[in-house]
Structure formats: C-alpha cells, structure tokens
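*Asks:* pasting the structure only:
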C-alpha cells in the first residue's frame, strides 16, 4: 500500500552524538581521524592578551571551520557559516552542538588578519610533516609547476597607466636634440612603452598575465607548487603576482621544501618554462638531477648561436669559422663576447653574421651557459625512467592545480591582496594533504582488517 510519513518532528531530547549522523566515508569524518591541531593554541597564544578582553574563538575551532570550507569547496565565509547552520557534518567537525550558536563570519576574517599568512603557512607545513611521518611523502623526487589564479576583481576596475601624460607633465630635460614627430608617433603607438599596460585599482597586488599567447591578459596571481612523487603530497606552495616568472621561484621553492621535509631533493621535473641556464646551473650546484625539456634556440640570425662553440676550460667562444671571441663587459645574468674586427673583415659569413653597421661580432652568453649545454645533451640521452618520470609530472603537479581549482575553489581568488591570496593557497594545500593522509590511513585500515580476517578464519574454511 502507499505509505505516508508524518512530518511533525516533536522530539524534545536526542541521545548520542552528532557523529552518529555523519557517514564514516564522509570527507570530514575521514580527515578528522588524521587532523591534529593540539599544538595550535600555544602557537598563537602570543597574539592574544592573556588576562584582558573578551574570550575569542578557540583557534582549533576556527581552523576546523576554514578547513571544512576548503574540503567541501565552500570558500566564502558567509556561505560557509550559512551552510554550517544546517550541515551536521560541519557542526560536528568544528565541535558545535545543535543548541550552540555559530560564530559570525567576520570573526574568521579577523582571525586571518591577526595570524597573518605565516601563521597559516605553519599549519600547512604541519600537514607536510605528518605526511612525511606517515611515509606517503619522501621529498626526494618532486614535480614543480606554476598556475595562474584569477584575481577577485571586475573588468571595470582596470585602468590604463597613462605614462605619456606623466612624461609630458614632467618634461624631458635630458633630451637636447630636436624632437622627431615621426619617432614620437611610433613611440606612442608601441606596445613596449607601458602606455597600454593596465593596472587594477581595487587590487593593486594583482597583475595582468596570461597562460597562452592566444589568450587575453587577466588580473591574476601565480601559485608556485612543489609536489611529491609518491602520492602527490604538496610539499611547498607560494603565491606571487601574475607577472613574476616561474623560473625565479624554482630554486627557492626547492630549498623551502627540503627544509620542511628534512630530506634533500634528488630529482625534480619541470616543464619547458623552467629551462633556463641559471635554473640548470642552480640545480647542478645543489646536486639535483633535473628532468626538463630544454627550449629550442630561437633563430634570430642566419648564423644562430648553436653554431658557436664555447670552451669552458679557457673561457672563450669560437665562431663557426674557428675565430675566437673573448669575454668582455658583464651584463645582467651574462657577459659580452666580442671578436676582432680583422677576423671578421675577410670572413665569408660576415655578410650574414654581422649586424648592419658593425665590423665585429658581439654575443651575450649566460652565466650558466655550460650547464644549459649539458642539459641539452642529457635531454638527448633520457632513459626510460626519465621519460616515465616526466610523464608523471602532468598528473602529479598539473593534476594538483586542477584538483585545487575544480574541487577546492582555487580557480579564483576569494579575497583581495597578496596576503589573503597566500592564506587561501596554504589552506587549500593543507586540505589536499589531509585528504591524501586520510586516504592512506584508510588503505592501511583495510589491509589490517583483511589480515585479521584471514588469520581468524576457521581451519575448515581454509582447506576447502
């Protein structure tokens, strides 16, 4: 017969815990088994007055609320607290009963401001150390990559930086030559003058950047992450403005990851965006094996740079015809190498090799150019293990960025400012590490249950 459910809920008392209503396979229930925040109270005690003022929110409760939001993909404080009002799992995870009032969403904002980004970095580092202690992360083989995060600003907040107006107002007293109207017009229309560069007036820390030449510039931040090779534990994460080159952060991020894990990095994989001479030189000085495809040399001249041979022992550069180019004045990240005019005067390649109006050849060689040459030779002799390791780079490092953006709200900044963006990145990485740790614990519990079941099985059943 057709059933009927009485919707009047007249219960006055409930016995038991809210935990009984939360499924065991719920993400918050699984993370609760591995989350340890007993150290946090002493860590932030110096930020509060010991004997004056209104009692604040328990630090562990605040972090649990924030982690619950990032684990469930609810990254905005207002929405999180509205969801916590009716979500039994969030109430239980944070330690609130059904009759207790939840804190206001503004309290979480004040806590972030009080603790600062470094306070949340320590929370993230604790999750890394817990994963290392559980042996699901070693820190020996790592993958490095960067990803852009859209800033929390609108297109209407962008403004064009008027460099021409500033120049005209201040004048150019250093120029003694008469102005050239044609040259001035070309300069105004050039994209390199900064006249067309846009800045964000509501979030100055965000800068215009893009991850492809065929895509438009957007106000963005850039997240740099170091991911372990074993199960994808995030060992280090840092956020910069969007226009910072990822190669400038790689070596410092590797050093930070080694300091957190207590293990020296032995092998690192990175994409071609990191294939610079200074990167390979820094890896060699640290004794790290780099697995990264080197960039193809851009051909800007009929006689490209690869036709020149560098002798590191004598520190000289030889042209395709065997003439010597000696080192000259230093420049940023390199030095000039120049040839003699008499050597180029009778050369049959002078018409193609020399620039218009020059009588000798001058090239710039990077400081770690020999390391780049060695990396190119290693790339041609990659072993099968190196190729498999670079394949894992995609679904380890790039997979982390995709997971963080798809499931944990990192596709767009929640709040404005570099400090707030760093806090968001630290909490997202901590939530993902806790998921990895909870999954590893679940596997161990299942193996333990299977072993006990096999040992306690009756003899008769084993013989059948």
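*Replies:* Received the coordinates, thanks. All figures in this text were calculated on a predicted structure; none of them were measured in a lab.

*Asks:* ok, residue 336 to residue 246 distance?
*Replies:* Noted for residue 336: a distance of 27 Å to residue 246, by C-beta to C-beta, to the nearest Å. Backbone N, C-alpha and C define where each C-beta goes, glycine included.

*Asks:* more crowded one of those two?
*Replies:* Each of residue 336 and residue 246 has its neighbours counted (other C-beta atoms under 10 Å); residue 246 has more, 20 against 15.

*Asks:* didn't that one look like it was pressed against residue 225?
*Replies:* No. Residue 246 is not in contact with residue 225 according to C-beta atoms under 8 Å; the separation is 10.3 Å.

*Asks:* what touches both of these two?
*Replies:* Residues touching both residue 246 and residue 225 (C-beta atoms under 8 Å, 6 or more residues apart in numbering) are 145, 146.

*Asks:* now do the SS call for residue 328.
*Replies:* Using DSSP: H, G, I helix; E, B strand; the rest coil, the structure places residue 328 in strand.

*Asks:* contacting residues around it?
*Replies:* So residue 328 contacts 335, 336, 337, 338, 362 (C-beta under 8 Å, 6+ apart).

*Asks:* and the pLDDT for it?
*Replies:* pLDDT for residue 328: 84.

*Asks:* again with the one 5 residues further on
*Replies:* We have a pLDDT of 79 for residue 333.

*Asks:* show the contacting residues for it.
*Replies:* 278, 366, 367 are the contacts of residue 333 under C-beta under 8 Å, 6+ apart.

*Asks:* phi, psi of the first one?
*Replies:* For residue 278, the backbone dihedrals are phi -70, psi -30 (criterion: degrees, to the nearest 10).

*Asks:* report the contact partners of it.
*Replies:* 247, 333, 366, 367, 368.

*Asks:* could you rerun that using 7 Å?
*Replies:* 333, 366, 367, 368 (C-beta atoms under 7 Å, 6 or more residues apart in numbering).

*Asks:* can you get me a residue count around the last one?
*Replies:* Looking back up the chat, that one is residue 368. Here the number of neighbours of residue 368 (other C-beta under 10 Å) works out to 22.

*Asks:* isn't it right up against residue 276?
*Replies:* No. Under the criterion of C-beta atoms under 7 Å, residue 368 makes no contact with residue 276, lying 8.3 Å away.

*Asks:* most widely separated two among the contacts of residue 278?
*Replies:* Across the contacts of residue 278, no pair lies farther apart than 333 and 368, at 8.7 Å, counting by C-beta to C-beta.

*Asks:* residue 62 should be in a strand, yeah?
*Replies:* No. According to three-state DSSP, residue 62 belongs to no strand; its state is helix.

*Asks:* just for the stretch 251-400 of the chain, where's the confidence low?
*Replies:* For the stretch 251-400 of the chain, the stretches with pLDDT under 70 are 297-300.

*Asks:* same thing but at 80, please
*Replies:* Residues of the stretch 251-400 of the chain meeting the criterion pLDDT under 80: 295-301, 333.

*Asks:* and for the stretch 1-150 of the chain?
*Replies:* Checking the stretch 1-150 of the chain against pLDDT under 80 turns up 1-16.

*Asks:* what about the helices in it?
*Replies:* For the stretch 1-150 of the chain, the helices defined by DSSP state H, counting those that start in this stretch occupy 27-32, 40-43, 59-72, 77-86, 88-94, 105-133.

*Asks:* for those helices, give me TSV that also has mean neighbour count.
*Replies:* TSV is the format used below for the helices of the stretch 1-150 of the chain (neighbours: other C-beta atoms under 10 Å):
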stretch	mean neighbour count
helix 27-32	19
helix 40-43	14
helix 59-72	23
helix 77-86	16
helix 88-94	22
helix 105-133	18
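
*Asks:* go through the ones you listed and name the closest to residue 308.
*Replies:* Ranking the helices of the stretch 1-150 of the chain by proximity to residue 308 (C-beta to C-beta) places helix 105-133 first, at 44.8 Å.

*Asks:* okay, angle between that closest one and helix 77-86 too, please.
*Replies:* 80 degrees (axes from the mean of the first three to the mean of the last three C-alpha atoms, to 10 degrees).

*Asks:* name the helices or strands packed onto helix 105-133?
*Replies:* In terms of contacts (3 or more C-beta pairs under 7 Å, 6 or more residues apart in numbering; DSSP states H and E), helix 105-133 is packed against helix 59-72, helix 77-86, helix 250-261, helix 418-455.

*Asks:* now those helices in TSV, please, with extra columns for distance to residue 151.
*Replies:* Converted to TSV, the helices and strands packed on helix 105-133 look like this (distance: least, C-beta to C-beta, whole Å):
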stretch	distance to residue 151
helix 59-72	19
helix 77-86	18
helix 250-261	22
helix 418-455	8
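
*Asks:* which of these sits closest to residue 145?
*Replies:* Using C-beta to C-beta, the nearest of the helices and strands packed on helix 105-133 to residue 145 is helix 250-261, at 9.8 Å.

*Asks:* quick check: angle from the closest one to helix 105-133?
*Replies:* 80 degrees.

*Asks:* in helix 250-261, what's buried?
*Replies:* For helix 250-261, the neighbour count (16 or more other C-beta atoms under 10 Å) marks 250, 251, 253, 254, 256, 257, 258, 260, 261 as buried.

*Asks:* in CSV: the contacts of residue 278, plus distance to residue 92 and secondary structure.
*Replies:* Below are the contacts of residue 278 laid out as CSV (distance: C-beta to C-beta, whole Å; DSSP: H, G, I helix; E, B strand; the rest coil):
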residue, distance to residue 92, secondary structure
333, 55, coil
366, 57, strand
367, 57, coil
368, 55, coil
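
*Asks:* quick check, nearest of these to residue 199?
*Replies:* After measuring the contacts of residue 278 against residue 199 - C-beta to C-beta - the closest member comes out as residue 333, at 27.2 Å.

*Asks:* that's all I had, so thanks and see you.
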